[in-house]
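Student: Following is a predicted model, sequence given first.
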There are 2 protein chains.
Amino acid sequence: MRLSRYFLPVLKETPSEAQIVSHRMMLRAGMIKQSAAGIYSWLPLGFKVLRKLENIVHEEQMRAGHIPMLMPTMQSADLWRESGRYDAYGEEMLRIKDRHDRDMLFTPTAEELITDIFRANVSSYKDLPLTMYQIQWKFRDEIRPRFGVMRGREFYMKDGYNFDLTKEDALHAYNRHLVSYLRTYERMGLQAIPMRADGGPIGGDYTHEFLVLAETGESEVFYDSAVTDLTFGDREIDYDSVEQCQSVLEEFTSRYARTDETHDEELFNQIPEERRRVARGIEVGQIFYFGTKYSEPLNAVVQGPDGKQTPVHMGSHGIGVSRLLGAIIEASHDENGIIWPEGVTPFHCGIVNLKQGDEAADAACEQLEAALTAVGLEPLYDDRKERAGGKFATMDLIGLPWRITVGPRGLKNGVVELTSRKTGESVEMTPEEAVKKVAEIYAPHRVGGLF
Amino acid sequence: MRLSRYFLPVLKETPSEAQIVSHRMMLRAGMIKQSAAGIYSWLPLGFKVLRKLENIVHEEQMRAGHIPMLMPTMQSADLWRESGRYDAYGEEMLRIKDRHDRDMLFTPTAEELITDIFRANVSSYKDLPLTMYQIQWKFRDEIRPRFGVMRGREFYMKDGYNFDLTKEDALHAYNRHLVSYLRTYERMGLQAIPMRADGGPIGGDYTHEFLVLAETGESEVFYDSAVTDLTFGDREIDYDSVEQCQSVLEEFTSRYARTDETHDEELFNQIPEERRRVARGIEVGQIFYFGTKYSEPLNAVVQGPDGKQTPVHMGSHGIGVSRLLGAIIEASHDENGIIWPEGVTPFHCGIVNLKQGDEAADAACEQLEAALTAVGLEPLYDDRKERAGGKFATMDLIGLPWRITVGPRGLKNGVVELTSRKTGESVEMTPEEAVKKVAEIYAPHRVGGLF
């Protein structure tokens, strides 16, 4: 992409309404624009990252054997009356009357609707296990939306639902979700720690929240520092293996890690003092097992192997996709701007032309752009007639992990400069070497999809 | 994908509420489920096709140089008051009050919002031309929703907006859209004829609708049969070339083709009688040039080369993505079910095992599945313990263009059967030949993206 043809309205001033760094940087980098309180438009750069995150979530959910589908944003209130949640949900539910004066609502979560789809189509245990999920816009009418996309009213969320014959099967589904979420966050360059949590309005006998440590986190968290040494890495997992999934769960949840809702001072004090940590965290996902809480009132039953009708065991599992953008920036930035992890960066590599209009420099940049594209990467070429300082500041702000700088002086020696956004280190090399190097860096970070 | 692990709730009975063939077949093939009047859940098979269509639209829009972004579903009423459309829009706009009693609405179209983004960020002609688009859920509170996804209330739509300094530039943007839409529909296996249309509530000095001919179409159309001989084919287009885009427009719009809104009997009668056609059509897209209709009231101005402030020339351009599913099925089916064009099929090839449990047949099917996957195709393997007749009926209903049938008898001779859904013709060949043949068929029909 040529910057002269893109829409990247970066701001020089820090917007006064933004209280936290991710909100400020998303506004300054031209990623989002607020259109109403807690409601944002995703400008091209923000949309691109949002789609990258969505694609990673899809890839990892499908890898786990979960089936993508999509439910509408508008629902009838009827199903929520059946489950008993319509009156219970409170003012955060956006309630709407249509032209025929029927009660509708903007989906905040979809346990009722997916259970309705299930009960209408599945009647035998032979069709289980089944896990379906969607990534769809949700609405929560927060009384005081803030922190940009971290606590917006309209937000993009992955919500998945498992249907199983027994509690045991449903707990395997729970474990599968835990494993797939660990992989998902790691691919995004995040360490998200599963912590024992509280069920809240969804309910649930078992539930873990995934938290990213950050000073601006909304939750206070208490943990054994040993949990931060755990990484999922590139181990292969057979999602059908009950034992493998269970052992990952045990590995990642046996150490003390809890939010303030479930914190237990006595247990916490059993951790060796030097490993006790109190910090703040951003919630980026939650998994639940809640048994027959919805299947019973909604009559989602199957015939079991014994011929008897039995309500299915369910769980629901969410990842806050739009909120993740904020969390990633909170976890990865410096005073000059965002530092995207390689797995989620909107463009793989910036190309800065130090002397736009110089024949050799222009030609070299165009060749680099073509060569990077040819190896399946997306470069962003700053081809504007601007001073080098302004171009560097823009690249630093929008946070592409790698930048190739091209100038007439270097080209005389046959070299360009490859710079790491994270370390600031620059190395001179030939353009061919730079392309090869960048391709190598991204080899383990390929995300499917168009963006 | 193994059918035993998928969620494909096909129905044996024809649902009584469905009046047209696409609605009946989408329900029967387990693609959608109604959740409220005119509001549908997209079950896995339907979602997969919807995403394929979305990906084709994205690919063709980006090829034309248009920039993807995303606007929210919920908007404040304020901007619509500024443009004067809030009161004018009527009851089809879903109006909502949030918890603070502020007037909101579910986006039916986004001229106001995109113009607001533009005016906040662009002030010079140097940043033009600019075309941005989104694919997002919209809502239109139809008094009597019907025909399934063809006339639903919540629908998925691509809407793009161009901003240009002059009318001339804006007409080039108009032509670019026409060209990119022709390519888009052809890749979907559709012939969509651009017809001179009426501006309606969007307004517009120039506007064309794209119509797919179908008996169940909602519009009466009048055309010179010569227009149906035109195909875009695989010609290369330079979207920056004013001349090339203009000449495509002329080629595709110089013959008489109009909806009933703009029909002119006198002009029509000048066509040689044997070429005059009166038929019905399904609208699948519309492009508009409307000049400064929104930029003036919303004050979207730029400084021109002469230093003067001038309102930008705009157009908006839409493709009904969810409605396209219905249109494709209306145009391509038989009495047994859907016949997907290769460009949009949810799975590329079905694999039917005639004798599940037979060691040789099971092994051959698994090898075929692996071999098709290895060449980048997505097979759907019916591995259920069902009679062959039931498996064939399901495959015919869901409409995969190609099917490989595997049975113990054929395998003794080293062959499987490759069957065309469209013609019903079957040819025996080795499994390796079948994979090679299917890969060749799909070579010109690759769609990017995850689904």
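Tutor: Structure's in. What do you need? Residues are numbered from 1 along each chain as shown, chains lettered A, B, ... in the order given.
Student: distance of A:G414 from chain B?
Tutor: If you measure A:G414 against chain B using C-beta to the nearest C-beta, to the nearest Å, the figure is 32 Å. In this view, the C-beta of every residue, glycine as well, is placed from N, C-alpha and C.
Student: Specify which residues of the stretch 151-300 of chain A, grouped into ranges, have pLDDT under the cut-off.
Tutor: A:201-204 (pLDDT under 70).
Student: where do the helices sit along it?
Tutor: Counting by DSSP state H, counting those that start in this stretch, the segments of the stretch 151-300 of chain A that form helices are A:167-187, A:242-253, A:265-268.
Student: Can you give the contact residues for the shortest one?
Tutor: Read that as helix A:265-268. Helix A:265-268 is contacted from outside by A:222, A:256, A:258, A:276, using C-beta atoms under 8 Å, 6 or more residues apart in numbering or on different chains.
Student: Please repeat the previous calculation with a cut-off of 10 Å.
Tutor: A:222-224, A:256, A:258, A:276-278 (C-beta atoms under 10 Å, 6 or more residues apart in numbering or on different chains).
Student: Return the residues of the stretch 301-450 of chain A in contact with chain B.
Tutor: Within the stretch 301-450 of chain A, the positions near chain B by C-beta under 10 Å from any C-beta of the partner chain are A:384-385, A:447-450.
Student: nearest to A:F155, of the residues you listed?
Tutor: Among these, A:G449 lies closest to A:F155 (C-beta to C-beta), at 20.3 Å.
Student: So the residue lying closest to that closest one once chain neighbours are set aside, which state does it fall into?
Tutor: The shortest distance from A:G449 to any non-neighbouring residue, by C-beta to C-beta, 6 or more residues apart in numbering or on different chains, is to A:N55 (3.6 Å). Classification of A:N55 by DSSP: H, G, I helix; E, B strand; the rest coil places it in helix.
Student: Report the contact partners of A:N55.
Tutor: A:135, A:344, A:447-451, B:449-450.
Student: now A:I329
Tutor: Counting by C-beta under 10 Å, 6+ apart, A:I329 makes contact with A:20-26, A:29, A:31, A:49, A:148-150, A:214, A:337-340, A:399.
Student: From these, which land in helices?
Tutor: Judged by DSSP state H, helices contain the following of the contacts of A:I329: A:21-26, A:49.
Student: Of these, which is the nearest to chain B?
Tutor: When the ones in helices among the contacts of A:I329 are ranked by distance to chain B (C-beta to the nearest C-beta), A:V49 comes first, at 11.4 Å.
Student: Pretty sure the closest one sits against A:L325.
Tutor: Yes - using C-beta atoms under 10 Å, A:V49 is in contact with A:L325, at 5.8 Å.
Student: strands paired with the longest strand out of those in chain A, and their directions?
Tutor: As assigned by DSSP state E, the longest strand anywhere in chain A is strand A:276-291. For strand A:276-291, the paired strands and their directions (DSSP bridges) read strand A:206-213 (antiparallel), strand A:219-224 (antiparallel), strand A:313-320 (antiparallel).
Student: out of these, deepest packed?
Tutor: strand A:313-320 (a mean of 26; mean count of other C-beta atoms under 10 Å in any protein chain shown).
Student: can you dump the C-alpha coordinates of that strand into CSV?
Tutor: The C-alpha coordinates for strand A:313-320 follow below in CSV (Å, rounded to 0.1, in the frame of the first residue of the first chain):
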residue,chain,number,x,y,z
HIS,A,313,-24.5,-29.7,29.5
MET,A,314,-23.4,-26.4,28.2
GLY,A,315,-20.7,-23.8,28.5
SER,A,316,-20.0,-20.5,26.9
HIS,A,317,-16.7,-19.0,26.0
GLY,A,318,-15.8,-15.4,25.0
ILE,A,319,-13.0,-13.4,23.6
GLY,A,320,-13.3,-9.6,23.5
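Student: beta partners of the closest residue to A:G199 other than its chain neighbours?
Tutor: Spatial nearest neighbour of A:G199, chain neighbours left out: A:T207 (5.4 Å); criterion: C-beta to C-beta, 6+ apart. For A:T207, the beta-bridge partners are A:F288 (DSSP bridges).
Student: tell me the contacts of A:T207?
Tutor: So, once contact is read as C-beta under 10 Å, 6+ apart, A:T207 ends up touching A:174, A:195-200, A:262, A:286-290, A:315-317.
Student: Over to A:A120?
Tutor: A:300, B:9, B:33.
Student: OK, contacts around the first one?
Tutor: Right, the one you point to is A:A300. By C-beta under 10 Å, 6+ apart, A:A300 lies in contact with A:114-120, A:122, A:163, A:292, A:294, A:311-312, A:314.
Student: Cross-check the contact I'm expecting between A:A439 and A:T373.
Tutor: No - contact status for A:A439 versus A:T373: not in contact, 11.3 Å apart, counting by C-beta under 10 Å.
Student: Find residues that contact each of those two.
Tutor: With C-beta under 10 Å, 6+ apart as the test, A:A439 and A:T373 both reach A:H348.
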